[in-house]
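**Q** no sequence for this one, just the structure:
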């Protein structure tokens, strides 16, 4: 088993805890988007004073966003064809998140089709910022069920 320390936001509450995931997942984000509805958070801490000896089970559809506190590993070179595009997400909880989203165009000429067809509970953003806060991250997994709109600028920001 591998462990990742994460911060997550559910409604108005923020938690810090440990998520364990099997070693056969190449990336933590692959584990997040597996078919399981619940996510197990070990040693949870929150401002609300949750018992950190408990195990917190969270319905993935209720997670606004989460990010790993520490680097999991050094990523291998990125082999997919596509580009990074500026994205603006309007959330149900009256928040706006801006960041970069990867759009693959290996299988189609329609650039955004990869984002539309992506399965799982989360959309992955690089270098996101939460507007009107000081929160900035390297990576953020945003819960799809909490997104009202996703606006993508059609001009590539970075090519990888």
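**A** Structure received. Owing to the predicted nature of the structure, the values given are computational and were not obtained by experimental measurement. Numbers count the residues shown, from 1 in each chain.

**Q** Checking the closest residue to residue 123 other than its chain neighbours next. Helix, strand or coil?
**A** Counting by CB to CB, 6 or more residues apart in numbering, residue 142 is the residue found nearest to residue 123 once chain neighbours are left out, at 5.0 Å. In short, each C-beta sits where N, CA and C put it, glycine included. Under DSSP: H, G, I helix; E, B strand; the rest coil, residue 142 falls in the strand class.

**Q** Spell out the secondary structure type for residue 29.
**A** Assigned state for residue 29: helix (three-state reduction, three-state DSSP).

**Q** Can you pull the domain assignment for the chain?
**A** When the chain is parsed with automatic domain parsing, its domains come out as 2-68, 82-159.

**Q** and residue 96, what does it touch?
**A** Each residue near residue 96 by CB atoms under 8 Å, 6 or more residues apart in numbering is listed here: 88-90, 130-132.

**Q** Who is it paired with across the strands?
**A** Beta bridges link residue 96 to residue 90 when assigned by DSSP bridges.

**Q** Quick check: the gap between it and residue 87.
**A** 11 Å (CB to CB, to the nearest Å).

**Q** Tabulate the contacts of residue 96 in TSV, adding columns for neighbour count and pLDDT.
**A** Listed next are the contacts of residue 96 as TSV, based on neighbours: other CB atoms under 10 Å; pLDDT from 0 to 100:
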residue	neighbour count	pLDDT
88	15	94
89	26	93
90	14	94
130	20	93
131	12	94
132	9	93
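
**Q** which one of those residues sits closest to residue 31?
**A** residue 89 (21.8 Å; CB to CB).

**Q** Residue 121 reaches residue 146, doesn't it?
**A** No: in this structure, residue 121 is not within contact of residue 146 by CB atoms under 8 Å, at 10.1 Å.

**Q** Need the overlap of contacts for the two.
**A** In contact with both residue 121 and residue 146: residue 63, using CB under 8 Å, 6+ apart.

**Q** who does the longest strand seen in the chain touch, helix- and strand-wise?
**A** If you go by DSSP state E, the chain has its longest strand at strand 147-159. If you count contacts as 3 or more CB pairs under 8 Å, 6 or more residues apart in numbering; DSSP states H and E, strand 147-159 packs onto strand 82-91, strand 96-104.
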